[in-house]
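Colleague: Next one to model:
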Amino acid sequence: PDVHVGICNREIVKFDLEVKALIQDIRDCSGPLSALTKLNTKVKEKFQQLRYRIQELERSKQHLLQEVENHKKQMLSNQTSCRKANLTCKIAIDNLEKAELLWGGELLRQRKTTKESLAQTSSTITESLMGISRMMSQQVQQSEASMSGTIQLGQKLITKYNRRELTDKLLIFLALALFLATVFYIVKKRLFPFL
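Modeller: Just a heads-up that it's a prediction; the model follows:
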């Protein structure tokens, strides 16, 4: 049972990171709506996988109910973030389409350049997140091999919560860096188009 719980926990962390990466992709999406729809389909699949693993964890370990509750709250938080990201993205797409009608071809060229830059940055962030996921999986396996009994469970929980805090901080930092880079790029293009 402990091995099954460990597997569930690793997959929950993995799916959680993948959901966060997809939500970031939604924030970065600049259209068309078909691209946004495809991202939402992927998010929905990940939520289903996440929900299934959380249910498995509930059935196998009743004494870890508090941890399960934390996973549920994280999933609900991700769903809220997903809805907000969708709303923000749709508003941005509408504004870009209106701006294209008003300003013509120049804005279209700028948008294409921005989309390529955002796509490259998003790809880099996704690769970084998957690297973190693999690193976390390796650390969990090493931890399981060297611990036993109550000490093993306690150390796992402490390590995982510290890791989750580090992951959240890293994701916030990456999102902030991407946002600032995007703002800088747009301001530069608007104020200094000749550069």
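Colleague: Does R163 touch M135 like I think?
Modeller: No. Counting by C-beta atoms under 8 Å, R163 does not reach M135; the two are 9.4 Å apart. Glycine gets a C-beta too; all of them are placed from N, C-alpha and C.
Colleague: Looking at the two, which is more packed in?
Modeller: R163 (16 against 11; other C-beta atoms under 10 Å).
Colleague: what's the spacing between that one and E45?
Modeller: Using C-beta to C-beta, to the nearest Å, R163 is found at 25 Å from E45.
Colleague: Also T124?
Modeller: When distance is defined by C-beta to C-beta, T124 is 23 Å away from E45.
Colleague: Then D16?
Modeller: According to C-beta to C-beta, D16 and E45 sit 14 Å apart.
Colleague: ditto for S128
Modeller: Computed as C-beta to C-beta, the S128 to E45 distance reads 22 Å.
Colleague: And for F47, the neighbour number?
Modeller: F47 has 17 neighbouring residues, counting by other C-beta under 10 Å.
Colleague: Can you identify the element that follows the lowest-mean-pLDDT helix or strand in the chain toward the C-terminus?
Modeller: Across the helices and strands of the chain, mean pLDDT, DSSP states H and E gives its lowest value to helix 105-146, namely a mean of 69. The helix or strand immediately downstream of helix 105-146 is helix 149-191, counting by DSSP states H and E.
Colleague: Which strands or helices does that next one pack on?
Modeller: Helix 149-191 sits against helix 2-28, helix 105-146, with contacts defined as 3 or more C-beta pairs under 8 Å, 6 or more residues apart in numbering; DSSP states H and E.
Colleague: quick one: average confidence on that helix?
Modeller: Mean pLDDT, computed over helix 149-191, is 82.
Colleague: quick check: angle from it to helix 2-28?
Modeller: If you take axes from the mean of the first three to the mean of the last three C-alpha atoms, to 10 degrees, helix 149-191 sits at 10 degrees to helix 2-28.
Colleague: now helix 149-191: how far from the chain's centre is it?
Modeller: Mean-position distance between helix 149-191 and its chain equals 10 Å (C-alpha atoms, centre = their mean, to the nearest Å).
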